[in-house]
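> just the structure for this:
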Amino acid sequence: MPKIGMEPVRRKALIDATISAIGERGSLDVTMSEIAGRAGVSSALAHHYFGAKDELLFATMRHILAELNTDTRRAFSLAATPRQRVSAVVAVSFSDDQFQPQIIAAWLAFYVEAQKSTELRRLLRIYARRLNSNLMSGLAGILPRAEADRVAEATAALIDGLYIRRALKDGVPDAQTAIALVEDYLETKLNGRSLP
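The predicted model follows:
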């Protein structure tokens, strides 16, 4: 059995520590030393793997997006109809893996930082395009194109807005309520046109 090198394990530990630190602090105002300490490695090793803190933050955002994409693809493999594809996107957005306090705080911090970081803004644009595309993969099979575009845009805004609202509240994220709100909107817009 081949050995797994320590580099991927340490990189993942640093990314997890970054998410944890951002989640606890509620901002990107964390140091490489703090992140390294949480990951159980030296600051020098953290700098060796990622260079500057900005590179680690960028890698962390890419990791969050990759996890979201993997979860969505997995959910799509179980969706038999266009309507189920739309619900899969909503369910994944508020799944236990995605809609947890640390990830929510990281998203909010990344949105704020993207105002000044071209690289993070580019990643957020990729996220927005992918979310729209995933929603359209179901909505385009139910609604005329122009209407599907509007519903996809509004659904994405609801998802992002619920993340922001949750980030600004105390307590455990309430995923079921978030899903119900988005699904209520979708049912109103689809108004019986959804496929079984």
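> which SSE is immediately downstream of the helix or strand where residue 10 lies?
Here residue 10 sits within helix 6-25, counting by DSSP states H and E. Going down the chain from helix 6-25, the next helix or strand is helix 32-39, by DSSP H and E.
> give the rounded mean pLDDT of the helix or strand following that next one.
Scanning forward in sequence from helix 32-39 by DSSP H and E, the next helix or strand is helix 43-50. Across helix 43-50, the average pLDDT comes to 90.
> only the buried residues of helix 43-50, if you could.
By neighbour count on 16 or more other Cβ atoms under 10 Å, the buried set for helix 43-50 is 45-47, 49-50. For every residue, glycine as well, the C-beta is placed using N, CA and C.
> could you do stretch 48-62 as well?
Of the residues in stretch 48-62, 49-50, 53, 56-61 count as buried by neighbour count, 16+ other Cβ under 10 Å.
> so what touches that stretch?
7, 10-11, 14-15, 18-19, 22, 28, 30-32, 35, 46, 106, 110, 113, 117, 119-120, 123 (Cβ atoms under 8 Å, 6 or more residues apart in numbering).
> repeat the analysis, applying 7 Å as the threshold.
Residues from elsewhere that reach stretch 48-62 (Cβ atoms under 7 Å, 6 or more residues apart in numbering): 10-11, 14-15, 18-19, 28, 32, 35, 46, 110, 119-120, 123.
> buried subset of those as a ChimeraX selection?
Restricted to buried positions by 16+ other Cβ under 10 Å, the ChimeraX selection for those reads:
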select :10,11,14,15,18,19,28,32,35,46,110,120,123
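> please identify which of the contacts of stretch 48-62 is nearest to residue 160.
Set against residue 160, the nearest of the contacts of stretch 48-62 by Cβ to Cβ is residue 110 (11.7 Å).
> that closest one sits in which helix or strand?
Going by DSSP H and E, residue 110 is in helix 101-113.
> what's the helix or strand for residue 146?
Per DSSP H and E: helix 145-167 holds residue 146.
> tell me the angle that helix makes with helix 101-113.
Per axes from the mean of the first three to the mean of the last three Cα atoms, to 10 degrees, the angle that helix 145-167 makes with helix 101-113 is 110 degrees.
> tell me the buried residues in the helix or strand following helix 145-167?
The first helix or strand that comes after helix 145-167 along the chain, using DSSP H and E, is helix 175-190. By 16+ other Cβ under 10 Å, the buried positions in helix 175-190 come out as 175, 178-179, 181-182, 186, 189-190.
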